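Enquirer: Pasting the sequence and the predicted model now:
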Amino acid sequence: MSDVFGVWLERGAYALGDTVAGKVVFPEPGNEKLAKVSAVNLSIHARVHGSGNGERVEVWRGPLHVGPVTMRELPFSARLPERGPLSWQGRHVKVTWEVVAELDIPWAIDPKRTLEFKVGPRRRG
Amino acid sequence: MKGNGQHVGAIIFGAVFAVIGGAVAVFTEGFGVVFGGVFALVGLAIMANGIRHLVARSAFEQLHLAAVGPVPLGGTAELHLVLTPKRALRLTGDSKVKVTTTEKAYYSAGTSSRTYTNVLFTREQPLDLPQLLSQHIERRIAVPIPTDIPPTWSGKSNWFYTTVEVRVDVDNWPDLVLEAPVEVLPEVHQ
């Protein structure tokens, strides 16, 4: 099922305060599997994990589209906070920024696509 | 900046630790003696450290260390240090400023919990103080912050933080140690 959709971002790296823009793409919009979709949910967040309890810094979360998928792409954009964790791979704390798109299909396992991106510090001139 | 209350707390905590450990060592046999003995030694060490800090601070009328404001990555943190001795103190000339960035994670599941810390960056620099500290002095301390450390961030169970420690080496007296947090902003000035 995951081959019928994907997530695409304009860039692979952002700075805090930037707008993350991209789209959920459906290469075969006429696919019968997509007709069963009741919603396309999207989450843009930092996943903080490692040795401690995991937590998330949500930037955007909600349904991007409700109903069967008939389009080729669903654009989205969200502004990253001015202050927040930067991408980091430490020994005990790891910060992974990612976009997660999920197709909500009644009475079936919801397929999910995750795309990671880097977040660095703001640049002030 | 840490106050006297924290050190008094450490003394009480260490004393309780030592008493419990001592009691276990005295009233049990075999492994209990070793376990209790180690427990008591750790308690005594915590207590001794708290007393050392209190004694070091007792030579001063006024102590203050604080960051003047937040600092960007690659910037220079400015700290305000105030020292007012009760009597003239001879310093060894080995006083230092140390900046440390740490990542910390807290794990809990059921009744077990654990805290993990990892020092990501540390750097020492000398602190210029007079050899004879006899009156109230104030210093502005400049501490460079690198660009490749994580900025300050606090989650529910994960943290990144930077602190500055000032160690004043007093001749024939316990070293005075002051610590202050520095807020590192997630931005770089070009």
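Expert: Now that the structure is in, tell me what you want to look at.

Enquirer: what does the lowest-mean-pLDDT helix or strand in chain B contact?
Expert: Ranked by mean pLDDT, DSSP states H and E, the weakest helix or strand in chain B is helix B:4-27, scoring a mean of 78. If you take C-beta atoms under 8 Å, 6 or more residues apart in numbering or on different chains as the criterion, helix B:4-27 is touched by B:32-33, B:35-51, B:53-54, B:57. To be clear about C-beta, it is placed using only N, CA and C from the backbone, and glycine gets the same treatment.

Enquirer: Mark which of those are buried, thanks.
Expert: Neighbour-count burial (16 or more other C-beta atoms under 10 Å in any protein chain shown) applied to the contacts of helix B:4-27 gives B:36, B:39-40, B:43-44, B:46-47, B:50-51, B:53, B:57.

Enquirer: just the strands in chain A please.
Expert: A:6-9, A:13-15, A:19-25, A:39-50, A:55-66, A:73-79, A:88-89, A:93-104, A:112-120, A:122-124 (DSSP state E).

Enquirer: From the contact counts, what lies against the longest helix along chain B?
Expert: Assignment by DSSP state H gives helix B:31-58 as the longest helix of chain B. With contacts taken as 3 or more C-beta pairs under 8 Å, 6 or more residues apart in numbering or on different chains; DSSP states H and E, helix B:31-58 sits against helix B:4-27, strand B:176-182.

Enquirer: gap between A:S87 and chain B?
Expert: Using C-beta to the nearest C-beta, to the nearest Å, we find A:S87 at a distance of 9 Å from chain B.

Enquirer: A:W97 is in contact with that residue, correct?
Expert: Yes. With contact defined as C-beta atoms under 8 Å, A:S87 reaches A:W97; the gap is 5.7 Å.

Enquirer: Who are the contact partners of whichever residue of chain B sits closest to chain A?
Expert: Nearest residue of chain B to chain A (C-beta to the nearest C-beta) works out as B:A105 at 2.8 Å. Residues in contact with B:A105, defined by C-beta under 8 Å, 6+ apart, are A:50-53, A:92-93, B:115-117, B:157-159.

Enquirer: Among these, which pair sits farthest apart?
Expert: Spatially, the most separated pair among the contacts of B:A105 is A:N53 and B:T117, at 15.0 Å (C-beta to C-beta).

Enquirer: Of the two, which one has the most company?
Expert: Using other C-beta atoms under 10 Å in any protein chain shown, the more surrounded residue of A:N53 and B:T117 is A:N53, with 17 against 14.

Enquirer: Having no further points to raise, I will conclude here.
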